[in-house]
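[1] sharing a model that was predicted from the sequence below.
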Amino acid sequence: MLAREAEVAEAPPPALAVRALEKTYVSRTRDGTTVETAALRGIDLTVEPGEFVCIIGASGCGKSTLLRIIAGFETATSGAVDVAGVSVAGPGRDRGMVFQDYALFPWLSVAQNVAYGPTQARRPKAEIAERVAHYLAMVGLRDFADRYPHELSGGMKQRVAIARVLANDPAVILMDEPFGALDALTRSALQKRLLDIWTTDRKTILFVTHSVEEAVYLADRVVVLSPHPGRIALQMRVDVSRPRDVASIPFNRAKRLLLDAIAPDAHAEDM
Amino acid sequence: MPRLPRWLLALPLPIVLVGLWQFAVARSTFSLIPPPSTVALTAWDFAFGGIYDYAYSHTLLGHALASISRVFSGFLLAAIVAVPLGIVLGRSAVLARFVDPTLQFLRPVPVTAWLPLAMILFGVGPKAAVALIFIGTFFPILINTVDGVKYVEPRLIEAAEMLGTARTAILTKIVMPAALPSIFTGLRISLGFAWVLVVVGEMTGVPQGLGAAIMDARNLSRTDLVIAGMFFIGILGFTSDRIVVAIGRRALWWNPNARA
């Protein structure tokens, strides 16, 4: 740890650094007293450029809250979030978010959704068109450019949402249980596709999930959050070579390792 | 098998209703309500003349134009004020706190109760009718606009923010298109209501207008002309609704719920 801190001065800053982050919700009860609920406590997390990190934890462990604070949609009670060495406050184009419920703009076509970010940034028209074509091809939706969100399946919508974020070229991509609402087949197809995209683009990805298998399949490193209050229980590097085969022995050994590391009562919470 | 056009399905009900009307009137020896055939002749004469040759022959166009201009003046005026106001109130909780109680206090007052005041303020004439339509159509447009703006999916705003939308552009880029279906609902309800109100407004003694014609016909005991006037108001109300729906469908074709 000390050795790493010494390096920091020369090495490029991490893609994402969360330092001493705390989140406390204050709610007022009926008799007028205030109750404080600790949602996140002492979160320190560093993600290197190009790294794929999964955050895993039971429902209510604060993993979505953490992601939403990093995105700037919620404010931390204390602590800081740096993206590429710059402190951030509020949402910004350097952190692209993929939501579980897609959040596509229904009045824009698929191509217009993907073009939205670069258009807001006033990029030249030709460049926007090129980016849209590139990323639509990357998610396999080139033939659907002129369709509208309501005409697409859930899996296709999420591919549009991923292309929309990629086209905006963020420093970090935040994904909040993006495949959670999809059926198992679509989900595994999208996991593969996401890895393909990540392999070619080498974007930094912070991915929240409650599925151990998904985390082990996708991540370079898995961060486990424990609930009440949410804190980082452990971090584990996934040393399984890619492409990973979910039926292989090394994959299942890694999965077993992670499951053993997570406290059994954390499982019970997930039910 | 060739598919029948959908509008054919709309025809049996009115035909049955007219049939029942004819049947009921023909059964009674003396009826205050004329049979459909009489009304049809009167309606034809009202529109094109050549049958009765009296004060109302061939005068439909003038009456209809007078009513149409009042309906749309009141309606458009209300839309011009209520839509922007609704957008502002939907976005600003502070401003809503200032204005909302007053609006909610005024809203339950029936529009017809405004009639005496409208006549004092605007005199007996078309202005009072327009004012009445304005008051009546204002609230449905306002309330639907406020709701549409207030209940924009927060996710969409977050998505726009993380994609780099300037704070000031959120309103035009996200809030307004997202609220458009609700705004259109308000406009559609209001326009239908405007046709109700124009008749009330024209009963205050304006010389022209379908409402005025109905009122005069009543005083002359020309029930056939009353019904003919009702028929033409129905036609105009129906047509204007179709126009709003068509415009709405063009603007909202991305919305699967808007394909009514």
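    All right, it came through fine.

[2] what is the burial count for the closest residue to chain B within the stretch 151-271 of chain A?
    Chain B sits closest to residue A:168 of the stretch 151-271 of chain A, with a gap of 5.5 Å, by CB to the nearest CB. From N, CA and C alone the C-beta is placed, and that goes for glycine too. Residue A:168: 26 surrounding residues under other CB atoms under 10 Å in any protein chain shown.

[3] same question for the helix or strand bottoming out on mean pLDDT in chain B: list its buried residues.
    Lowest on mean pLDDT, DSSP states H and E among the helices and strands of chain B sits helix B:115-122, with a mean of 88. For helix B:115-122, burial by neighbour count (16 or more other CB atoms under 10 Å in any protein chain shown) applies to B:115, B:118, B:119, B:122.

[4] output the set of residues of chain A in proximity to chain B.
    With CB under 8 Å from any CB of the partner chain as the criterion, chain A meets chain B at residues A:71-73, A:90-93, A:95-97, A:99, A:101, A:103-108, A:116-117, A:120-121, A:148-150, A:164-165, A:168, A:170.

[5] for the least confident helix or strand of chain B, name the packing helices and strands.
    helix B:126-150, helix B:176-202 (3 or more CB pairs under 8 Å, 6 or more residues apart in numbering or on different chains; DSSP states H and E).

[6] adding mean pLDDT, mean neighbour count and distance to chain A, write those out as a markdown table.
    Formatted as a markdown table, those follow (pLDDT from 0 to 100; neighbours: other CB atoms under 10 Å in any protein chain shown; distance: least, CB to the nearest CB, whole Å):
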| stretch | mean pLDDT | mean neighbour count | distance to chain A |
| --- | --- | --- | --- |
| helix B:126-150 | 93 | 24 | 13 |
| helix B:176-202 | 93 | 22 | 5 |
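
[7] is the residue of the stretch 51-200 of chain B found nearest chain A part of a helix or strand, or is it coil?
    Nearest residue of the stretch 51-200 of chain B to chain A (CB to the nearest CB) works out as residue B:164 at 3.3 Å. The local conformation at residue B:164, judged by DSSP: H, G, I helix; E, B strand; the rest coil, is coil.

[8] list the residues that contact the residue nearest to it when sequence neighbours are not counted.
    The shortest distance from residue B:164 to any non-neighbouring residue, by CB to CB, 6 or more residues apart in numbering or on different chains, is to residue A:93 (3.3 Å). Applying CB atoms under 8 Å, 6 or more residues apart in numbering or on different chains to residue A:93 gives the contacts A:117, A:120, A:121, A:168, A:170, B:162, B:163, B:164.

[9] could I get the full set of helices for chain B?
    All helices of chain B, identified by DSSP state H, fall at B:12-27, B:36-48, B:60-91, B:93-106, B:115-122, B:126-150, B:154-162, B:170, B:176-202, B:210-219, B:223-251.

[10] got a quick ChimeraX command for the buried subset of the contacts of residue A:93?
    Remark: buried members of those, expressed as a ChimeraX selection using 16+ other CB under 10 Å:
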select /A:117,120,168,170 /B:162,163,164
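
[11] quick check, nearest of the contacts of residue A:93 to residue A:229?
    residue B:162 (26.0 Å; CB to CB).

[12] which intervals of chain B have sub-threshold pLDDT?
    Applying pLDDT under 70 to chain B picks out residues B:1, B:258-260.

[13] any residues of it in contact with chain A? List them.
    Neighbours of chain A within chain B, by CB under 8 Å from any CB: B:153, B:155-156, B:158-166, B:169, B:173-174, B:177-178, B:180, B:254-256.

[14] distance to residue A:21 for the contacts of residue A:93 - can I get that in JSON lines?
    Listed next are the contacts of residue A:93 as JSON lines, based on distance: CB to CB, whole Å:
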{"residue": "A:117", "distance to residue A:21": "26"}
{"residue": "A:120", "distance to residue A:21": "28"}
{"residue": "A:121", "distance to residue A:21": "28"}
{"residue": "A:168", "distance to residue A:21": "25"}
{"residue": "A:170", "distance to residue A:21": "20"}
{"residue": "B:162", "distance to residue A:21": "19"}
{"residue": "B:163", "distance to residue A:21": "24"}
{"residue": "B:164", "distance to residue A:21": "24"}
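
[15] name the helix or strand of chain A that has the lowest mean pLDDT.
    helix A:264-270 (a mean of 48).

[16] pull the residues that contact the helix or strand residue A:253 falls within.
    Using DSSP states H and E, residue A:253 falls within helix A:249-261. Identification of contacts with helix A:249-261 by CB under 8 Å, 6+ apart yields A:56, A:212-213, A:215-217, A:222, A:224, A:234, A:236, A:238-241, A:244-246, A:267.

[17] out of these, which are inside strands?
    Judged by DSSP state E, the subset of the contacts of helix A:249-261 located in strands is A:56, A:222, A:224, A:234, A:236.

[18] ok, so of these, who is nearest residue B:34?
    Distances from residue B:34 to those, taken by CB to CB, are shortest for residue A:56, at 79.1 Å.

[19] measure the closest one to chain B for me?
    23 Å (CB to the nearest CB, to the nearest Å).

[20] what's the burial count for that residue?
    Around residue A:56 there are 26 residues (other CB under 10 Å).

[21] swap in residue A:57?
    26.

[22] same question for the one 4 residues further on.
    Neighbouring residues of residue A:61 were enumerated by other CB under 10 Å; the total is 26.

[23] how about stretch A:233-251: buried residues?
    Neighbour-count burial for stretch A:233-251 flags A:233, A:236, A:238, A:240, A:244, A:251 (criterion: 16+ other CB under 10 Å).

[24] from residue A:153, how far off is whatever residue of chain A ends up closest to chain B?
    For chain A and chain B, the shortest gap (CB to the nearest CB) falls at residue A:93, measuring 3.3 Å. Applying CB to CB, to the nearest Å, the value for residue A:93 to residue A:153 is 28 Å.
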